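> Compute the structure for the input listed below.
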Amino acid sequence: MCRFILRERHAQNLGGFIVERVANFPFRDIVVGNPYNEPVLIKVPIY
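The predicted structure follows:
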C-alpha cells in the first residue's frame, strides 16, 4: 500500500488515487485534511 505524507495544516484531494473495489467509500472524491501542527502519514490504497 502506498504511503502519503500530508503536511501540517494542509488538505489534499485523493479522489484520483482511490480504487473503489479496494476501498469501498460512498463517494468517488475523497478530501483529507490535517488539523495538526506536524505531518501525518496516510496509507492510500493504490492498485
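> Hmm, K43 and R3 touching each other?
Yes - at 5.8 Å, R3 and K43 qualify as touching, with contact defined as CB atoms under 8 Å. For glycine as for every other residue, the C-beta is placed from the backbone atoms N, C-alpha and C.
> what sits in contact with each of these two?
Taking CB atoms under 8 Å, 6 or more residues apart in numbering as the contact criterion, R3 and K43 have no common neighbours.
> pLDDT value on the closest residue to V31 other than its chain neighbours, please?
Excluding the flanking residues, the one nearest V31 by CB to CB, 6 or more residues apart in numbering is N13, at 5.2 Å. pLDDT for N13: 82.
> isn't N13 right next to I30, touching?
Yes - counting by CB under 8 Å, N13 does reach I30; the two are 7.4 Å apart.
> Can you pull out the low-pLDDT segments for the chain?
Low-confidence segments of the chain, defined by pLDDT under 70: 16-28, 45-47.
> Next up, the contacts around the spatially closest residue to R7 that is not a sequence neighbour.
Excluding its sequence neighbours, the residue lying closest to R7 (CB to CB, 6+ apart) is P39, at 5.5 Å. Counting by CB under 8 Å, 6+ apart, P39 makes contact with 5-8.
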